[in-house]
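Enquirer: What follows is a protein structure lacking sequence information:
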């Protein structure tokens, strides 16, 4: 598929400009023709590179705005194409408008709505696409876009909360690293050189500081080089071996402090995704197969695949997921199965587990901040005590000699 920038004229005489994706110029003419547009000029183009972080953030904002507008218009009683046309009229030129125009043309050409959204190169995640597909089958698109809006809002809110929570600890970590490097590489060696030239017997704290400074000055490059080598090796190994990916993802879940938090967040995403998919009308095995993609952990995905096989053998959901959920969560699931309220129970599990994970993350980051502060303060105190004592002693000797 190629991207074309075009100028076209509507039957009413209004000039249109934009970018569309098509196999060739003939298909572009056909796509524009379905919109009562006559092509004037077209040119194959490559989109200008943008800051990826800014582009992704803007794309997510535009996507959520489109979904909210579509939900409101569909609830007001407008048909899908009229609602989409109205939204396109209010959107300025840009990638979002190009995507929506391509979706409209694909659906008018006979593609299903879910297929048209799928063709937009990962614009929507698998959970969102499954919600769209199930809503299309049920015919209730307004409820579909409502669920879609709720799903994307939760994702955006969590990512924003996580970024805000990590901002200050990362700043402290950078300060601690910078202060340590500056003191050990530049400040301490100069003071130590002065003390050694005086020929006095130095206290134990000063001797330890001298040894630490020499080791740090010689091997300061070793730690970042080793970390870079390990990370590069793991990255390449994960690319070529699914077994290594599964093993390392399992290790992540057992890391001290952070492992249980990641595990709870993954379980919360799984339960939330299952809730949305079951409410959208999908069967439990189909929902489980799609929801596993929200985990971002190959080890847990393997357990989900096994659970899906157990479900197909006729076992209950609680029996199939014994290796995934905790005993307390399994008990809640059994209650939901007996009362035929499994989506409601899963929704409660998702909210409770996510709250627990956020509290655990907040507590961890709250403990990390004073720890880093104490580390920097302790380092500075050690340097001051190890340097100023012998320095004052040397100055006293010099003044006595004068």
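Expert: Cool, the structure landed. Computed from a predicted model, the values in this text were never measured in an experiment.

Enquirer: For the stretch 201-350 of the chain, just list every one of the helices.
Expert: For the stretch 201-350 of the chain, the helices defined by DSSP state H, counting those that start in this stretch occupy 204-219, 222-240, 242-252, 258-279, 284-291, 298-312, 317-320, 327-339, 342-401.

Enquirer: so what does the longest one touch, helix or strand wise?
Expert: Same thing as helix 342-401. helix 141-182, helix 188-197, helix 204-219, helix 258-279, helix 327-339 (3 or more Cβ pairs under 8 Å, 6 or more residues apart in numbering; DSSP states H and E). All C-beta atoms are positioned from the backbone trio N, CA, C, and that covers glycine.

Enquirer: so which of those helices comes closest to residue 15?
Expert: For these, proximity to residue 15 was assessed by Cβ to Cβ; helix 141-182 is nearest, at 31.4 Å.

Enquirer: tell me which strands and helices that closest one is in contact with?
Expert: Against helix 141-182 (3+ Cβ pairs under 8 Å, 6+ apart) you get helix 52-75, helix 126-138, helix 258-279, helix 342-401.

Enquirer: So what's the residue count around residue 121?
Expert: If you count neighbours by other Cβ atoms under 10 Å, residue 121 ends up with 8.

Enquirer: quick revisit: among the helices of the stretch 201-350 of the chain, which is the most enclosed?
Expert: Most buried of the helices of the stretch 201-350 of the chain by mean neighbour count (mean count of other Cβ atoms under 10 Å) is helix 258-279; its value is a mean of 22.

Enquirer: quick one: residue 115 from residue 109, how far?
Expert: Using Cβ to Cβ, to the nearest Å, residue 115 is found at 11 Å from residue 109.

Enquirer: Between those two, which has more neighbouring residues?
Expert: residue 115 (16 against 12).

Enquirer: With the flanking residues excluded, which residue is spatially nearest to that one?
Expert: residue 106 (7.3 Å; Cβ to Cβ, 6 or more residues apart in numbering).

Enquirer: Over stretch 96-104, what's the mean pLDDT, rounded is fine.
Expert: For stretch 96-104, mean pLDDT is 82.

Enquirer: chain center to it: distance?
Expert: 25 Å (Cα atoms, centre = their mean, to the nearest Å).

Enquirer: quick revisit: the helices of the stretch 201-350 of the chain: which one's closest to residue 151?
Expert: For residue 151, the closest of those is helix 258-279, at 5.6 Å, according to Cβ to Cβ.

Enquirer: Pop the domain breakdown of this structure in here.
Expert: 2-44, 52-154, 167-402 (automatic domain parsing).

Enquirer: re the thing from before, can I get the helices and strands packed on helix 141-182 in a markdown table with distance to residue 16 and mean pLDDT?
Expert: Listed next are the helices and strands packed on helix 141-182 as a markdown table, based on distance: least, Cβ to Cβ, whole Å; pLDDT from 0 to 100:
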| stretch | distance to residue 16 | mean pLDDT |
| --- | --- | --- |
| helix 52-75 | 19 | 76 |
| helix 126-138 | 27 | 78 |
| helix 258-279 | 37 | 86 |
| helix 342-401 | 44 | 80 |
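
Enquirer: In a markdown table: those, plus distance to residue 328.
Expert: Listed next are these as a markdown table, based on distance: least, Cβ to Cβ, whole Å:
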| stretch | distance to residue 328 |
| --- | --- |
| helix 52-75 | 34 |
| helix 126-138 | 25 |
| helix 258-279 | 12 |
| helix 342-401 | 10 |
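
Enquirer: nearest to residue 307, of the ones you listed?
Expert: Proximity to residue 307 (Cβ to Cβ) singles out helix 258-279 among those, at 10.4 Å.

Enquirer: same for the closest one, what does it pack against?
Expert: Checking 3+ Cβ pairs under 8 Å, 6+ apart, helix 258-279 ends up next to helix 126-138, helix 141-182, helix 242-252, helix 284-291, helix 298-312, helix 342-401.

Enquirer: So which of those helices is nearest residue 91?
Expert: Here helix 141-182 is closest among these (Cβ to Cβ), at 16.4 Å.

Enquirer: avg pLDDT for the closest one?
Expert: Mean pLDDT, computed over helix 141-182, is 80.

Enquirer: Next, the angle helix 204-219 makes with it.
Expert: Our comparison of helix 141-182 with helix 204-219, counting by axes from the mean of the first three to the mean of the last three Cα atoms, to 10 degrees, yields an angle of 120 degrees.

Enquirer: For the spatially closest residue to residue 316 that is not a sequence neighbour, list the residues it contacts.
Expert: In this structure, residue 316 finds its nearest non-sequential neighbour in residue 337, 5.9 Å apart by Cβ to Cβ, 6+ apart. Taking Cβ atoms under 8 Å, 6 or more residues apart in numbering, we find residue 337 in contact with 316-318.

Enquirer: list the helices and strands the helix or strand encompassing residue 99 packs on?
Expert: Residue 99 belongs to helix 95-108 when assigned by DSSP states H and E. Helices and strands touching helix 95-108, by 3+ Cβ pairs under 8 Å, 6+ apart, are strand 15-22, helix 52-75, helix 80-90, helix 113-118.

Enquirer: by how many degrees do that helix and strand 15-22 diverge?
Expert: 70 degrees.

Enquirer: contacting residues for residue 193?
Expert: Residue 193 touches nothing, counting by Cβ under 8 Å, 6+ apart.

Enquirer: what's the distance between it and residue 229?
Expert: Remark: distance between residue 193 and residue 229 (Cβ to Cβ) = 33 Å.

Enquirer: What residues does the residue nearest in space to the middle of the chain make contact with?
Expert: Among the residues of the chain, residue 159 comes closest to the average C-alpha position under Cα atoms, centre = their mean, at 6.6 Å. Under the criterion of Cβ under 8 Å, 6+ apart, residue 159 has no contact partners.
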